[in-house]
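> give me the fold of what follows.
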Amino acid sequence: MAVTGWSRANARRALSTARKRKGPAKTVVRKPRGRSYGYDVLKVLISVWRLAGMPSGKYLAVTMGLWLPKLETFGELDAKRLTPAVRAQLLRISGATIDRLLKPTKDTDRPKVLSATKAGPLLRNSITVRKAGDEHEQAPGFIEADMVVHCGPTLAGEFVRTLTATDVFTGWTENVAVRNGAHK
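Prediction:
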């Protein structure tokens, strides 16, 4: 009792349990808890999340009381799934639970290494890559340019590109929106 700080009753209980046990103490295996939120809650939550502009779970939990009535009024949500029980669960769901439930949906919606640049081997071998320790230009006039594609999660269809040119010495940047890669 002096070493562990336990009471006499607690020490007696631990000793009698150890005497009855055969072999080393096993870790307690807990049964996983049942799901609190069903499939209907998940489906309505995904709809609200997408219609709200895909905010973080923390933000969506706070604004759920504003979004849910508006989306329901305008008929944007599935009326069969949005029962009073589902509505009550959505209004009390926490931000961490929203993030946990939406993780698979966010992972599938995220673009998989999307790049609009297809450099050939000749271009790739002729351009040297600068490193942080390399010596920079000492006079204005040397620029680095890059084309940024504003296409969202897919390269299909029409979208705007931004040509960004930066003077290395002065840091001056010029941005020009172009309609496509062949635009002059």
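> what number of residues lie near the nearest residue to residue 96 once chain neighbours are set aside?
Nearest residue to residue 96, sequence neighbours excluded (Cβ to Cβ, 6 or more residues apart in numbering): residue 57, at 6.6 Å. Where you see a C-beta, it was placed from the backbone N, CA and C, and this is true even at glycine. Neighbourhood size, residue 57 [other Cβ atoms under 10 Å]: 21.
> ditto for residue 19
The burial count assigned to residue 19 is 7, neighbours taken as other Cβ under 10 Å.
> helix, strand, or coil at it?
Here residue 19 is helix, with the state taken from DSSP: H, G, I helix; E, B strand; the rest coil.
> can you check residue 174 too?
Classification of residue 174 by three-state DSSP places it in strand.
> can you pull the contacts of it?
By Cβ atoms under 8 Å, 6 or more residues apart in numbering, residue 174 lies in contact with 164, 165, 166.
> ok, the residue nearest to residue 96 touching residue 97?
Yes: counting by Cβ atoms under 8 Å, residue 57 does reach residue 97; the two are 7.4 Å apart.
> picking that back up, now the residue nearest to residue 96: phi and psi?
Backbone torsions of residue 57, given as degrees, to the nearest 10, read phi -60, psi -40.
> then residue 164?
The phi/psi pair for residue 164 (degrees, to the nearest 10) reads phi -110, psi 120.
> that one: neighbour count?
Residue 164: 15 neighbours (other Cβ under 10 Å).
> repeat for residue 160
Residue 160 has 13 nearby residues by other Cβ under 10 Å.
> output stretch 86-106 as PDB, nothing but the C-alphas.
The C-alpha trace of stretch 86-106 is given here as PDB (Å, rounded to 0.1, in the frame of the first residue of the first chain):
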ATOM      1  CA  VAL A  86     -32.500  13.000 -38.900                       C
ATOM      2  CA  ARG A  87     -33.100  16.800 -38.500                       C
ATOM      3  CA  ALA A  88     -32.500  16.600 -34.700                       C
ATOM      4  CA  GLN A  89     -29.300  14.600 -35.200                       C
ATOM      5  CA  LEU A  90     -28.000  17.100 -37.800                       C
ATOM      6  CA  LEU A  91     -28.600  20.000 -35.500                       C
ATOM      7  CA  ARG A  92     -26.700  18.500 -32.600                       C
ATOM      8  CA  ILE A  93     -23.800  16.900 -34.500                       C
ATOM      9  CA  SER A  94     -20.300  18.100 -33.600                       C
ATOM     10  CA  GLY A  95     -17.700  19.500 -36.000                       C
ATOM     11  CA  ALA A  96     -15.300  16.600 -35.400                       C
ATOM     12  CA  THR A  97     -18.000  14.000 -36.200                       C
ATOM     13  CA  ILE A  98     -18.900  15.900 -39.400                       C
ATOM     14  CA  ASP A  99     -15.200  15.700 -40.500                       C
ATOM     15  CA  ARG A 100     -15.100  12.000 -39.600                       C
ATOM     16  CA  LEU A 101     -18.300  11.200 -41.500                       C
ATOM     17  CA  LEU A 102     -17.300  13.300 -44.500                       C
ATOM     18  CA  LYS A 103     -13.700  12.000 -44.800                       C
ATOM     19  CA  PRO A 104     -14.500   9.300 -47.400                       C
ATOM     20  CA  THR A 105     -16.500  11.800 -49.500                       C
ATOM     21  CA  LYS A 106     -13.700  14.400 -49.300                       C
END
